[in-house]
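> Okay, sequence plus prediction incoming.
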Amino acid sequence: MQRTLILCKPDCVERRLVGRVLGRFEEKGLNIIAMKMLRVTPELAKLHYAEHVQKPFYPGLEAFITGAPVVAAVIEGLEAIRVVREMLGATSGLQAAAGTIRGDLSSSRQMNLVHASDGPESAEREIDLYFAADEIHTYTPTLTPWLKAADE
Ligand code: CMP
């Protein structure tokens, strides 16, 4: 089992797409094990996007990500980090494949609706940035036996 952090970004909230986006993960059989709405501060943005702070697009990214609330969630499942990234599609909505969340719903590189952790270390770091341990709830849905074989 893996855990990954997703953020429904301000464009996702403002465009009222949060339910559809979260529904895609639920339909796939992934578990939402933590969720909250918050306003990303400039300080949190710099921590979250530390690897991008020096890039030319960072000022615009910070203005965008702090410009309206986000919905943060922790998603759990088998190979969840890769599976969720593949469900999002390429960074730019114009390049993301049809059938992916960005490919179907976004036409922007910056306003690409959803962020997801890109590896195990970033997932751990990002989950810690947004959630305290007691805000994360593990459980086994009763339909689990209908989602995968017991030995998978
Ligand atoms: P995300 O997956 O959250 O990771 C970094 C974010 O920066 C990315 O999604 C986009 O929202 C944004 N981003 C990445 N590259 C660019 C770019 N070249 N110009 C503007 N925004 C970008």
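Right, received. Where do you want to start?
> use CA for all of it now, contacts and neighbours both
Fine.
> and stretch 27-34, C-alpha only, in PDB?
Extracted in PDB, the C-alpha atoms of stretch 27-34 (Å, rounded to 0.1, in the frame of the first residue of the first chain):
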ATOM      1  CA  GLU A  27     -14.200   5.000  -8.700                       C
ATOM      2  CA  LYS A  28     -10.700   3.600  -9.300                       C
ATOM      3  CA  GLY A  29     -10.900   1.900  -6.000                       C
ATOM      4  CA  LEU A  30      -8.500   4.200  -4.100                       C
ATOM      5  CA  ASN A  31      -9.200   5.200  -0.500                       C
ATOM      6  CA  ILE A  32      -9.500   8.800   0.600                       C
ATOM      7  CA  ILE A  33      -8.000   8.600   4.100                       C
ATOM      8  CA  ALA A  34      -7.700  12.300   4.900                       C
END
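> can you pull the buried residues of it?
Neighbour counts over stretch 27-34 (16 or more other Cα atoms under 10 Å) mark 29-32, 34 as buried.
> So which bits of the chain are right by the ligand?
Neighbours of the ligand within the chain, by Cα under 6 Å from any ligand atom: 57, 61, 91, 109-112, 115.
> now with 5 Å?
Taking Cα under 5 Å from any ligand atom as the contact definition, the chain meets the ligand at 57, 110, 115.
> Which of these sits closest to residue 40?
Of all the residues of the chain next to the ligand, residue 40 sits closest to residue 115, with 13.1 Å by Cα to Cα.
> So the closest one lies in a helix, does it not?
No. Counting by DSSP: H, G, I helix; E, B strand; the rest coil, residue 115 falls outside a helix, being strand.
> residues near it, how many?
Counted with other Cα atoms under 10 Å, residues neighbouring residue 115 total 16.
> all strands of the chain, in order?
2-8, 31-38, 70-77, 114-116 (DSSP state E).
> how many other residues sit next to residue 10?
With other Cα under 10 Å as criterion, residue 10 counts 24.
> now what about stretch 126-138, what contacts it?
Applying Cα atoms under 8 Å, 6 or more residues apart in numbering, the contact partners of stretch 126-138 are 4-5, 33-34, 44, 48, 72, 74, 117.
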